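Peer 1: All I have is the shape, not the residue letters:
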């Protein structure tokens, strides 16, 4: 499955080396005592994981990950540090095994094109679809060569397919999407990586918590009581975190209660109102509480405010969004860029270019690029 679309060395090594080694090390750790241990006690150690998984699955929906970020990460210093680590160090390496169509910008070269008028046409289509044409000597993601009335698409010194020139000029996005799919050797690997994070990361947290509780208890009460106590405490901790998360999730509110919720003393109610405004594409400036909301608020609230501003029809809100490009929180700055791009005012191009020129965050640069493209700006060789 991993090599169904062409051989990939690193994904293959992940499964050829890591899985058997982990299995062998785990199997060898089983002791004689464990083999003869009471089955009930063994199930006590195993049961908390599936039980917690079932309980947490009740909270699964499209907004769960955003609510986890708002309630468990951005609400405390340790969570904010973890969030900063994630956006600083994990997104850029993920580019390595993305499909071509998922990458922010790609490179291409156009070779062996006889018609002088055809090459600029191909270049324009490539630029319009985030492929930056470079010289023929550069190492690029895509090489296009002409073969009579056909265009040959190559990658990694191999021919991927060829298509009529007219078809590419009429449907460049479709042809380039087909090229991306044909070159994608990491589709299965990405899916398995996501499942590993979804399943493996919570289990890792559980094991760390279990070890932190087990080893001190082992010194006091011995192996079996310590293991049993650690399992029960981990289950209770997981339930307490779930209760805290569920009780603090922003509730669904009625459209008639938006103004009241915006003026609430609880940030969860204000966030719920801002989410509804964005969902229904309402103008936040129509609500009297809006000037108060613009004040100094939690990063969660600022995030949803700038998303709601994407649907405001008040011209002065563009200046408000541009101010949020200086926000200390990366998520807020990125969402402000998204909202500016959606408003479609070309006058924001220069402020975005000035802002992103000083940015050290790849995540912010990605959102800035998408916003600029939405505003009509086009990538060039020199800029």
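Peer 2: Arrived safely, thanks for sending. The shown structure was predicted, so the numbers you read here are calculated from the model rather than taken from an experiment.
Peer 1: Give me the buried positions along stretch 177-195.
Peer 2: Neighbour counts over stretch 177-195 (16 or more other CB atoms under 10 Å) mark 178, 179, 180, 183, 184, 185, 186, 188, 189, 190, 192, 193 as buried. Every residue, glycine included, has its C-beta placed from N, CA and C.
Peer 1: Go through these and flag which are in helices.
Peer 2: Of those, the ones assigned to helices by DSSP state H are 178, 179, 180, 183, 188, 189, 190, 192, 193.
Peer 1: Pick the one among these closest to residue 315.
Peer 2: For these, the closest approach to residue 315 (CB to CB) belongs to residue 180, at 38.5 Å.
Peer 1: and residue 217, what is it in contact with?
Peer 2: By CB atoms under 8 Å, 6 or more residues apart in numbering, residue 217 lies in contact with 225, 226, 229, 230.
Peer 1: Secondary structure class of it, three-state.
Peer 2: helix (DSSP: H, G, I helix; E, B strand; the rest coil).
Peer 1: Around the nearest residue to residue 84 once chain neighbours are set aside, how many other residues sit close by?
Peer 2: Excluding the flanking residues, the one nearest residue 84 by CB to CB, 6 or more residues apart in numbering is residue 330, at 7.2 Å. Using other CB atoms under 10 Å, residue 330 has 19 neighbouring residues.
Peer 1: Please report the distance of residue 6 from residue 186.
Peer 2: Distance, residue 6 to residue 186, by CB to CB, to the nearest Å: 10 Å.
Peer 1: Confirm that residue 107 sits in a helix.
Peer 2: No - the assignment for residue 107, made by three-state DSSP, is strand rather than a helix.
Peer 1: Bridged to it, which residues?
Peer 2: As for beta bridges, residue 107 partners with residue 132 under DSSP bridges.
Peer 1: quick one, what contacts it?
Peer 2: Residue 107 sits next to 131, 132, 133, 134, 138, 140, 141, 142 when contact means CB under 8 Å, 6+ apart.
Peer 1: Wait, the fifth one touches residue 108, no?
Peer 2: No - because the distance of 9.4 Å does not satisfy CB atoms under 8 Å, residue 138 is recorded as not touching residue 108.
Peer 1: the more surrounded of the two?
Peer 2: Between residue 138 and residue 108, counting by other CB under 10 Å, residue 108 is the more crowded of the two (22 against 12).
Peer 1: Under the pLDDT cut-off, which ranges of this protein? List them.
Peer 2: Across the chain, the ranges flagged by pLDDT under 70 are 28-38, 40, 250-251, 380-383.
Peer 1: for it, which helix is longest?
Peer 2: When the chain is parsed with DSSP H, its longest helix is helix 223-248.
Peer 1: Return the list of strands paired to whichever strand or helix holds residue 154, each annotated with direction.
Peer 2: Element membership of residue 154, judged by DSSP states H and E, is strand 150-155. For strand 150-155, the paired strands and their directions (DSSP bridges) read strand 142-147 (antiparallel), strand 158-164 (antiparallel).
Peer 1: buried ones in the shortest one?
Peer 2: So that's strand 142-147. In strand 142-147, counting by 16+ other CB under 10 Å, buried: 142, 143, 144, 145, 146.
Peer 1: and of those residues, the nearest to residue 172?
Peer 2: residue 144 (10.9 Å).
Peer 1: from memory that closest one sits against residue 125, does it?
Peer 2: No - Residue 144 lies out of contact with residue 125 (CB under 8 Å); the separation is 10.0 Å.
Peer 1: where exactly do the helices run in the stretch 1-150 of the chain?
Peer 2: Along the stretch 1-150 of the chain, counting by DSSP state H, counting those that start in this stretch, helices occupy 9-13, 19-28, 32-35, 39-46, 48-57, 64-68, 77-89, 91-94, 118-128.
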